[in-house]
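Asks: need a structure here:
(one chain, ligands or ions: 1)
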Amino acid sequence: MSTRLPSFERWGSLQGKRVLVRVDFNTPVAEIDGLLEVTDDFRIRATVPLFEELLASGATVVACTHFGRPKGKIVEKYSVAPVRRRLAELCPGVELLENLRFNPGEESNDREFGESLIAGFDYYINEAFSASHRAHASIMIPPQIVPSAAGPNLQREVSTIQSMLDNPARPFVAIVGGAKVADKLGIVKVLSEKADTVIVGGGMAFTFEATQGRGIGSSLFDGSYLEECGELMKHGNVLIPEDSCGLANGANFGREGGTDEIIEFGANIPDGFMGLDIGPKARASFTATIANAKTILWNGPMGVFEDARLSAGTEAVARAVAASAAVSVVGGGDSVAALQSYGLESDVSFVSTGGGASLELVELGDLPGLKALRESPFN
Ligand code: AMP
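Replies: Residues are numbered from 1 along each chain as shown. Just a heads-up that it's a prediction; the model follows:
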């Protein structure tokens, strides 16, 4: 991967200069006393040191972000107003533009919209790693028009992932989970070349299990990937669950929970039942493999972890990753949420803010937003 990214330090004094910073302040909000308020300000706090440095250097700092999915229209509930209020408390003196996605030109990467955004600015900084896999106007156009740089958090995310892939301490164990094999097969393929073991769990594992002639009942399954999953199993380093747990068809489960007792199926799930978490044997072999690792990459839950009855596999993996002394990188909203819910966030080496972006960086080796910065004519 060649991703030397330009830094803003080379610009020198910013006295009297105007700097546009693309951030990802797509934070959760909730109504409190009739007013929408930010409920997790992690992303805002993480950007304050950069803002303070720019302000101290004499710059006028304006930030811009997407916020929810208003689909190119002005939708009041997607106004950045709550984020703006929190930002003003954490770092006064930084202006925040209204939601980029209120304009359809943002997502269609419209040149004119990008030009209007950067008009009147001297510099641009991309500090939105988690949005850099999207070729949207605020990511792609400014580097073509003004001197541009990668923000420090973006640089740290990229270099952490790159050094893990380029030169991992071994054994390197990757853990991939989540619902859909379609979303994650590419990453399993790349990781099966780079890692010593790729653990596959969650709903996506059943298509792999089916290639081994195992019964999967009515668990998640995508027959169009059966052949590719079968090929990957021949690599010999893809570890799938030996057993699973779940429920009968029609039982309630998920965020709202349910009351039925969880069934342990062993290696084969009978017709009329579905696998919703890895089983006890899989928990034991996955955690033993993780305990032996020197480098760990984890993305995606092992089961329907939002339902406490089906969270044992994800919790076991989270605890094993946290207990390990290996370099550990965890990405993806669900894995990070799982870590947080067990209070283990600070026990891993690096929590990536961008699930989609980190997967794409691992899979393809680059992101459109990084390429835009590297190819800026002002470098
Ligand atoms: P993804 O968005 O692909 O990372 O998938 C995350 C979602 O996969 C979570 O909401 C889990 O509830 C869900 N999931 C994990 N394992 C299973 C499973 N065995 N069956 C159905 N859904 C699952």
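Asks: In stretch 360-377, which residues are buried?
Replies: Buried residues in stretch 360-377, counted by 16 or more other CB atoms under 10 Å: 360-363, 366-370, 372-374, 376. (Glycine included, C-beta is placed from N, CA and C.)
Asks: just stretch 185-200 next, same as before
Replies: 185, 187-192, 194-200.
Asks: Residues in contact with that stretch: which ones?
Replies: 165, 168, 170-177, 204, 208, 225, 228-229, 232, 235, 237-241, 286, 289-290, 293, 297, 299, 317, 359, 362-363 (CB atoms under 8 Å, 6 or more residues apart in numbering).
Asks: Return the residues of the stretch 201-350 of the chain in contact with the ligand.
Replies: Within reach of the ligand by CB under 6 Å from any ligand atom, the stretch 201-350 of the chain has these residues: 202-203, 220, 275-276, 300-301, 303-304, 306, 332, 334.
Asks: switch the cut-off to 8 Å
Replies: 201-206, 219-220, 244, 246, 254, 274-277, 299-307, 310, 332-334 (CB under 8 Å from any ligand atom).
Asks: What subset of these is buried?
Replies: Buried among those (16+ other CB under 10 Å): 201-206, 219-220, 244, 246, 274-277, 299-307, 310, 332, 334.
Asks: Go through those and flag which are in helices.
Replies: 205-206, 334 (DSSP state H).
Asks: Closest to the ligand out of the residues you listed?
Replies: Asp334 (4.8 Å; CB to the nearest ligand atom).
Asks: how about the closest one, what does it touch?
Replies: Counting by CB under 8 Å, 6+ apart, the residues that Asp334 touches are 178, 300-301, 305, 355.
Asks: measure Leu54 to the ligand for me?
Replies: According to CB to the nearest ligand atom, to the nearest Å, Leu54 stands 35 Å off from the ligand.
Asks: So which residues of the stretch 151-300 of the chain form helices?
Replies: 152-166, 181-194, 205-211, 226-234, 280-291 (DSSP state H, counting those that start in this stretch).
Asks: any idea which of those is most buried?
Replies: Each of the helices of the stretch 151-300 of the chain was scored by mean neighbour count; the highest is helix 205-211, a mean of 24, by mean count of other CB atoms under 10 Å.
Asks: I'd like the buried residues of stretch 360-377 laid out as a markdown table, including secondary structure.
Replies: What follows is the buried residues of stretch 360-377, written out as a markdown table (DSSP: H, G, I helix; E, B strand; the rest coil):
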| residue | secondary structure |
| --- | --- |
| Glu360 | helix |
| Leu361 | helix |
| Val362 | helix |
| Glu363 | helix |
| Asp366 | coil |
| Leu367 | coil |
| Pro368 | helix |
| Gly369 | helix |
| Leu370 | helix |
| Ala372 | helix |
| Leu373 | helix |
| Arg374 | helix |
| Ser376 | coil |
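Asks: Turn these into TSV, columns for pLDDT and distance to the ligand.
Replies: Output for the buried residues of stretch 360-377, formatted as TSV (pLDDT from 0 to 100; distance: CB to the nearest ligand atom, whole Å):
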residue	pLDDT	distance to the ligand
Glu360	92	14
Leu361	93	16
Val362	91	14
Glu363	90	14
Asp366	94	22
Leu367	96	19
Pro368	98	21
Gly369	98	22
Leu370	97	23
Ala372	98	27
Leu373	98	28
Arg374	96	29
Ser376	96	33
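Asks: Tell me where the stretch 51-200 of the chain is predicted with low confidence.
Replies: Per-residue confidence of the stretch 51-200 of the chain (counting by pLDDT under 70) places no residue in a weak region.
Asks: Show me which residues of it sit near the ligand.
Replies: Checking the stretch 51-200 of the chain against the ligand by CB under 8 Å from any ligand atom, the hits are 177-180, 183-184.
Asks: Those residues into CSV, with extra columns for distance to Ala322?
Replies: Listed next are these as CSV, based on distance: CB to CB, whole Å:
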residue, distance to Ala322
Gly177, 16
Gly178, 19
Ala179, 23
Lys180, 26
Asp183, 25
Lys184, 22
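Asks: which of those lies closest to Ser328?
Replies: Relative to Ser328, the closest of those is Gly177; by CB to CB it sits at 15.1 Å.
Asks: Near the closest one, how many other residues are there?
Replies: 27 (other CB atoms under 10 Å).
Asks: One more: the one 3 residues further on?
Replies: By the criterion of other CB under 10 Å, Lys180 has 15 neighbours.
Asks: Pull the contacting residues for it.
Replies: 203-204, 220, 222.
Asks: Between the residues you listed, which sits nearest Ser349?
Replies: Of the contacts of Lys180, the one sitting nearest to Ser349 (CB to CB) turns out to be Met204, at 24.9 Å.
Asks: doesn't Ile216 make contact with the closest one?
Replies: No: with contacts counted by CB atoms under 8 Å, Met204 stays clear of Ile216, the gap being 11.8 Å.
Asks: Just give me the neighbour total for Gly178.
Replies: Count around Gly178 with other CB under 10 Å applied: 23.
Asks: Also Gly313?
Replies: Neighbours of Gly313 (other CB under 10 Å): 28.
Asks: Now for the residue in the stretch 51-200 of the chain that the ligand sits nearest to: which residues touch it?
Replies: Closest approach between the stretch 51-200 of the chain and the ligand, counting by CB to the nearest ligand atom: Gly178, at 2.7 Å. For Gly178, the contact set (CB under 8 Å, 6+ apart) comprises 184, 202-204, 299-301, 332, 334.
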